[in-house]
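Peer 1: Quick check, what structure comes out for this input:
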Amino acid sequence: PVISDLPCVREWIKHDRNGVLVSPKDYKMLANEIVGLLENNEKRSSFIEKNLKLIEEKGDQEMWMKQVEDLYYSLLNKKGK
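Peer 2: Sure, this is the predicted structure:
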């Protein structure tokens with residue numbers, strides 16, 4: 001992925017490790033990075049592999065929603081005591 005370099009994505013994307021972070025205002029860098037990845041199959045494949053693993057480890061929505069639900073109920077139980 002080629003992603004705008006914003007704080008909210010830095011938890012997931014590490015520049016040149018599993019994606020490319022570009023300045024949101026630098027359209028030339030954006031274009032260059034997209035073309036660069038299209039031309040570099042090895043790097044693109046590496047990013048895909050790393051990101052699939054990352055999603056398997058950290059992107060399970062059901063797990064996160066269960067944690068939020070558990071936290072919610074624990075807060076309700078504490079309030080009622």
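
Peer 1: spatially speaking, which residue is in the middle of the protein?
Peer 2: Geometric centre of the chain, nearest residue: Trp12, 3.1 Å, by CA atoms, centre = their mean.

Peer 1: From Ser74, how far out is the closest residue to it other than its chain neighbours?
Peer 2: Spatial nearest neighbour of Trp12, chain neighbours left out: Leu54 (6.7 Å); criterion: CB to CB, 6 or more residues apart in numbering. The C-beta positions use only the backbone N, C-alpha and C, and glycine is treated the same way. Counting by CB to CB, to the nearest Å, the gap from Leu54 to Ser74 is 28 Å.

Peer 1: more neighbours, the two?
Peer 2: Neighbour count, other CB atoms under 10 Å: between Leu54 and Ser74, Leu54 has more, with 15 against 10.

Peer 1: Do you know the pLDDT at that one?
Peer 2: With respect to pLDDT, Leu54 scores 94.

Peer 1: Mind listing residues that contact the helix or strand of the chain with the lowest mean pLDDT?
Peer 2: The weakest-scoring helix or strand in the chain, judged by mean pLDDT, DSSP states H and E, is helix 61-80 (a mean of 88). With contact meaning CB atoms under 8 Å, 6 or more residues apart in numbering, helix 61-80 is reached by no other residue.
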